[in-house]
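# missing the sequence, but the structure's below:
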Ligand code: FES
Ligand code: FES
């Protein structure tokens, strides 16, 4: 295991939302803090900081991960997509519209993480009606909505895709 001095900074290169960033950072810097504080991408929210609430979920090399559970130096050369990156995708509008029309958020604190996971599930399911939405949502704590609107939004999205909703 590499040992670092207390005040040592190390170089890290990460590609975030298609843009490469090079920074000198403290080895202990969490990926969530790197994204928010070093890059100013505050759409990634930080709640519990120990992997429970799911608010900090981002895509790392195409897979949803809790960014509060990773050190930035451990994902060197990784490709990250945050909520700011998703909204640039033309197909994102349908998801945004479904969440909006179905009142799938109140304070919105949990929303970026949930949206990242829902987006990933929809993208990777060959058949979206086979997605276990209870499993997807079980990774996210929302203190406002009671999940009713979130499930309705997912159903609306699936209906648009022609899938049978189970959310
Ligand atoms: S802030 Fe990362 S899971 Fe809660
Ligand atoms: S909308 Fe407020 S925590 Fe989910």
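Arrived safely. Since we're looking at a predicted model, the values are computed, not measured. Ligands and ions are numbered 1, 2, ... in the order given.
# Give me the distance from the one helix or strand in the chain whose mean pLDDT sits lowest to the chain's centre.
Across the helices and strands of the chain, mean confidence by mean pLDDT, DSSP states H and E is lowest for helix 148-161: a mean of 90. Here helix 148-161 is found 19 Å from its chain centre; the criterion is CA atoms, centre = their mean, to the nearest Å.
# do that helix and ligand 2 meet?
No. Contact of helix 148-161 with ligand 2 (CB under 6 Å from any ligand atom) is absent, the minimum separation being 8.2 Å. (C-beta placed from N, C-alpha, C; glycine too.)
# For that helix, buried residues please.
Using 16 or more other CB atoms under 10 Å as the test for burial, helix 148-161 gives 149-158.
# Over to stretch 135-145?
Neighbour counts using 16+ other CB under 10 Å place 136-137, 139-142, 145 of stretch 135-145 among the buried residues.
# And the contacts of stretch 24-38?
4, 7-12, 14, 16, 21, 23, 41-42, 44, 46, 49, 56, 58, 60, 66-68, 70-75, 80, 82 (CB atoms under 8 Å, 6 or more residues apart in numbering).
# Give me the buried subset of those residues.
By 16+ other CB under 10 Å, the contacts of stretch 24-38 give 12, 14, 16, 41, 44, 46, 56, 58, 60, 66-68, 70-73, 75, 80, 82 as buried.
# neighbours around the spatially closest residue to residue 18 that is not a sequence neighbour, how many?
Closest residue to residue 18 apart from its sequence neighbours, by CB to CB, 6 or more residues apart in numbering: residue 85 at 6.8 Å. For residue 85, the tally of surrounding residues (other CB atoms under 10 Å) stands at 20.
# who in the protein is up against ligand 1?
Counting by CB under 6 Å from any ligand atom, the chain comes close to ligand 1 at 46-49, 51-56, 66, 68.
# Of these, which belong to strands?
residue 66 (DSSP state E).
# Filter the residues of the chain next to ligand 1 down to the ones in helices?
Using DSSP state H to define helices, no part of the residues of the chain next to ligand 1 is located there.
# Which one of the residues of the chain next to ligand 1 is nearest to residue 110?
Among those, residue 55 lies closest to residue 110 (CB to CB), at 5.5 Å.
# what number of residues lie near that closest one?
The number of residues packed near residue 55 is 24, by other CB under 10 Å.
# I figured it hits residue 45, correct?
Yes. Residue 55 lies in contact with residue 45 (CB atoms under 8 Å); the separation is 4.1 Å.
# any common contacting residues for the two?
Counting by CB under 8 Å, 6+ apart, the residues touching both residue 55 and residue 45 are 109-110, 112-113.
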